[in-house]
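Visitor: got a predicted model here, sequence first, then my questions.
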Amino acid sequence: MRATKPQSGRAAPCSPEDFREAFARDRPGVDPGPVLRSVLGFSQWRCDMGWPMPMPMPVPDRTEISGYLDALSARLGKEYAASELAYVQLGAPVLWGVPVAGMIGKVLRQSRCGPKVAAKSMDERARFAISSLPEKWQGKLVTKLVSEPGPHSEKWSANHVQSVAHALARWCRASAVLGRELRPTGTSFHVYATDLRADGVSDRSVADYLSRILSGFRVVADPGFHSTGCEHVIARHDALAKVAGRPTKTGAQIVGASTIFDLGVDLMGAARENGPRGLHCEPACNFDPVEG
């Protein structure tokens, strides 16, 4: 630990009164009470002599800050500990300078970082989607995965299996709500397609959903299933989709490259005009710790 002056050039505070005055100059409009309380708590934890002192409060290092955060977390929980240290960070520019406040901010950010969870593979995603289907259907659809034993020519990609599983699960939910049988018919497909269109689904997507339901039903329930009515509904929406084309956005949603470029230029100009902002360290959250 070492004594230092804040970067403002003024002498570091040696008493609570000095701190309140300096903090009011540095952060007008911010209540110094919670900040002072948290600073004193940190000072007591590391066994400082306490205020009033003949010299400024010694500058903490990263080890001390991390140790204090760990001690508070073990005693009071991670969220409360982070809020307490955030108030210490807010008072740091006045006590020890902006670099120390930045160091405390890094400790806080690192404490919130947990181990990264590995992304699921497509095979795992497909199996997860299959798990939402009726239990008697799941095993038969799993066998369509390339990772499962069997002739490669009879397999589907994991991505396609996932899409079929989602379509079948949606079909099951809709059938349950409307009290229909799971076995597709031309009438039930027409009603379902009408509902999808009412929800804003395009004719192309409707045709794709119905085709996946049909192919999936043949796998999980009835390999020889055929319905002229179902095929007619699919063909109708497929034809409508071909007429409408494959737009991914409406005209109002399409933004030209020149518009995006002009926006970037305007933003950079505004940034240069306004100058740097946010140089003072802010607390990690607005939690006001309870005096204890």
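Guide: Structure received. Numbers count the residues shown, from 1 in each chain.

Visitor: make sure residue 222 is indeed in a helix.
Guide: No: checked against DSSP: H, G, I helix; E, B strand; the rest coil, residue 222 lies outside a helix; its state is coil.

Visitor: which ones are touching it?
Guide: Residue 222 makes contact with residue 183 under the criterion CB atoms under 8 Å, 6 or more residues apart in numbering. C-betas here are computed from N, CA, C, even on glycine.

Visitor: burial check on the residue nearest to residue 228 when sequence neighbours are not counted, number of neighbours?
Guide: Leaving aside its chain neighbours, residue 228 sits nearest to residue 186 (7.1 Å; criterion: CB to CB, 6 or more residues apart in numbering). Counted with other CB atoms under 10 Å, the neighbours of residue 186 add up to 15.

Visitor: hang on, isn't residue 186 packed against residue 234?
Guide: No: with contacts defined as CB atoms under 8 Å, residue 186 does not count as touching residue 234, sitting 9.9 Å away.

Visitor: and the spatially closest residue to residue 150 that is not a sequence neighbour, what pLDDT?
Guide: Leaving aside its sequence neighbours, residue 150 sits nearest to residue 143 (CB to CB, 6+ apart; 6.3 Å). Here the pLDDT value assigned to residue 143 is 94.

Visitor: tally of neighbours for residue 143?
Guide: Residue 143: 15 surrounding residues under other CB under 10 Å.

Visitor: lowest average confidence, helix or strand, in this structure?
Guide: When the helices and strands of the chain are scored by mean pLDDT, DSSP states H and E, helix 257-274 comes last with a mean of 78.

Visitor: residue 131 contacts residue 137, correct?
Guide: No: the criterion here is CB under 8 Å, and residue 131 misses it with residue 137 at 10.6 Å.

Visitor: neighbour count for those two, which is higher?
Guide: residue 137 (20 against 12).

Visitor: sorry, back to before: and the least confident helix or strand of the chain, C-alpha only, in PDB?
Guide: Listed next in PDB are the C-alpha coordinates belonging to helix 257-274 (Å, rounded to 0.1, in the frame of the first residue of the first chain):
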ATOM      1  CA  ALA A 257     -26.300   1.300 -48.100                       C
ATOM      2  CA  SER A 258     -26.100   5.100 -48.600                       C
ATOM      3  CA  THR A 259     -28.500   5.700 -45.800                       C
ATOM      4  CA  ILE A 260     -26.400   3.600 -43.400                       C
ATOM      5  CA  PHE A 261     -23.200   5.400 -44.500                       C
ATOM      6  CA  ASP A 262     -24.800   8.800 -43.900                       C
ATOM      7  CA  LEU A 263     -26.000   7.700 -40.500                       C
ATOM      8  CA  GLY A 264     -22.400   6.600 -39.600                       C
ATOM      9  CA  VAL A 265     -21.000  10.000 -40.700                       C
ATOM     10  CA  ASP A 266     -23.600  11.800 -38.700                       C
ATOM     11  CA  LEU A 267     -22.900   9.800 -35.600                       C
ATOM     12  CA  MET A 268     -19.100  10.300 -35.900                       C
ATOM     13  CA  GLY A 269     -19.700  14.100 -36.300                       C
ATOM     14  CA  ALA A 270     -21.900  14.200 -33.300                       C
ATOM     15  CA  ALA A 271     -19.300  12.300 -31.300                       C
ATOM     16  CA  ARG A 272     -16.600  14.800 -32.200                       C
ATOM     17  CA  GLU A 273     -18.800  17.800 -31.400                       C
ATOM     18  CA  ASN A 274     -19.900  16.500 -28.000                       C
END
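
Visitor: and the helices in the protein, which stretches?
Guide: Applying DSSP state H to the chain gives helices spanning 16-26, 32-45, 62-76, 78-95, 98-112, 122-130, 135-142, 158-178, 186-198, 203-220, 228-244, 257-274.
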